[in-house]
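> dropping the sequence and predicted coords here.
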Number of protein chains: 2
Amino acid sequence: MAQDRDWKCGDPQQHLKWAEATTDALRVLEGKWKIVIICQLFGAKEPLRFSELERRCEGVNQKMLIQQLKELEKDGVVTRTVYPQVPPKVDYALTEMGKALGPAMAELIDWAYMRRDRLEIKKST
Amino acid sequence: MAQDRDWKCGDPQQHLKWAEATTDALRVLEGKWKIVIICQLFGAKEPLRFSELERRCEGVNQKMLIQQLKELEKDGVVTRTVYPQVPPKVDYALTEMGKALGPAMAELIDWAYMRRDRLEIKKST
DNA sequence: CGCCATACTTACCTTTTGGTGGGTAGCCCA
DNA sequence: TGGGCTACCCACCAAAAGGTAAGTATGGCG
């Protein structure tokens, strides 16, 4: 369990393994639009169509959106479903693994807010 | 509290704010060596000298190490202490904010391990 | 004097990432 | 015939990140 992790454990190599794991996890999330995409999928109750994602990720262009979605799909975070229609319809949803990102992202959000507050206090004093 | 976060809350803009916060947090952690540095500082009981970090972050070069340390310092994650000696001595330690990264990193580690196991199972079936 | 040690700095280069502006396929409708 | 719709692909360019190899400053020591 995450909350029981011992950063001062016996194995002197353990923090190297953890660094590797964390770097690995971040690699999946890196990219200017991935977090935005993931948060949009978290926020929506249903899968989102390509055009809908394009609309919701303000400022993204098609190439980037496709690229990031492809990487997220390859990394097992989202699924891509094609409907055999004309005009085409494709939608994207979080996988179980994508949904499992919730707690990690929640902790990152808490840290980011805490950090912002902390920095603001420093500035004002 | 992170564990009570409601991804399906009322405010339809909330997930945009969360995306922003998470992106912000990741921005601080992005960079090929930052997580390695942070994990080394977590693992060590004491502040680490530049040369010690260089030794522990296998494969890093001086320029990159300095660059990443500078950014981490600017972002409030590590402190840099200079001792007026010859030859020079400088050491680096986690700030309170750096230490507060523990839970987020722990969740990321759990997710990475879970993901690795999941992908391995898929490969073998 | 000349060399050592430490913690950097600098110039230069390669690789990766992000972005723009076009095009394509397939069917529908007028 | 010639648009319009959707979800892409491609050629090309710019900026950022990462990396190499050299140099700098300081004072102690033989």
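Noted; the coordinates are in hand.

> you'd agree A:A25 is up against B:D110?
No. The criterion here is Cβ atoms under 8 Å, and A:A25 misses it with B:D110 at 9.1 Å. Placement of C-beta: from N, CA and C, glycine included.

> give me the more crowded residue out of these two.
Remark: of A:A25 and B:D110, A:A25 carries more neighbours, 24 against 18, as counted by other Cβ atoms under 10 Å in any protein chain shown.

> what about the strands in chain A?
Using DSSP state E, the strands of chain A run over A:48-49, A:78-83, A:89-94.

> looking at those strands, which is nearest to B:K70?
The minimum distance between B:K70 and the strands of chain A falls on strand A:78-83, with 35.2 Å, by Cβ to Cβ.

> if we can go back for a sec, to DNA strand C, which of the strands of chain A lies closest?
strand A:89-94 (10.7 Å; Cβ to the nearest atom of the strand).

> output the contacting helices and strands for the closest one.
Here strand A:89-94 touches helix A:34-43, strand A:48-49, helix A:50-56, strand A:78-83, going by 3 or more Cβ pairs under 8 Å, 6 or more residues apart in numbering or on different chains; DSSP states H and E.

> other residues contacting that strand?
Residues from elsewhere that reach strand A:89-94 (Cβ atoms under 8 Å, 6 or more residues apart in numbering or on different chains): A:37-38, A:41-42, A:46-50, A:53, A:69, A:73, A:77-83.

> what angle separates it from strand A:78-83?
Put simply, strand A:89-94 runs at 160 degrees to strand A:78-83, going by axes from the mean of the first three to the mean of the last three Cα atoms, to 10 degrees.

> could you check strand A:89-94 against DNA strand C for contacts?
No. Using Cβ under 7 Å from any atom of the strand, strand A:89-94 stays clear of DNA strand C, coming no nearer than 10.7 Å.

> equivalent analysis for stretch A:17-35, please.
Yes. Using Cβ under 7 Å from any atom of the strand, we find that stretch A:17-35 touches DNA strand C at A:30-33.

> what sits closest to A:P12 if chain neighbours are left out?
Spatial nearest neighbour of A:P12, excluding adjacent residues (Cβ to Cβ, 6 or more residues apart in numbering or on different chains): B:G43 at 7.4 Å.

> and that neighbour, how many neighbours?
B:G43 has 20 nearby residues by other Cβ under 10 Å.

> circling back to that earlier point, show me whatever sits in contact with both of A:A25 and B:D110.
A:A104.

> what residues are up against A:M114?
So A:M114 contacts B:97, B:100 (Cβ under 8 Å, 6+ apart).

> so for it, what's the pLDDT?
In this model, A:M114 is scored at 96, pLDDT.

> so can I have TSV of the strands of chain A showing mean neighbour count and distance to A:K17?
Conversion of these to TSV gives the following (neighbours: other Cβ atoms under 10 Å in any protein chain shown; distance: least, Cβ to Cβ, whole Å):
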stretch	mean neighbour count	distance to A:K17
strand A:48-49	18	36
strand A:78-83	14	27
strand A:89-94	17	27
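
> first vs last residue of stretch A:53-60, how far apart are they?
9 Å (Cα to Cα, to the nearest Å).

> can you list contacts of that stretch?
A:33, A:36-37, A:40, A:48, A:62, A:65, A:69, A:92.

> repeat the analysis, applying 6 Å as the threshold.
A:33, A:36, A:40, A:65 (Cβ atoms under 6 Å, 6 or more residues apart in numbering or on different chains).

> relative to A:R116, how far out is the first one?
Meaning A:W33. 22 Å (Cβ to Cβ, to the nearest Å).
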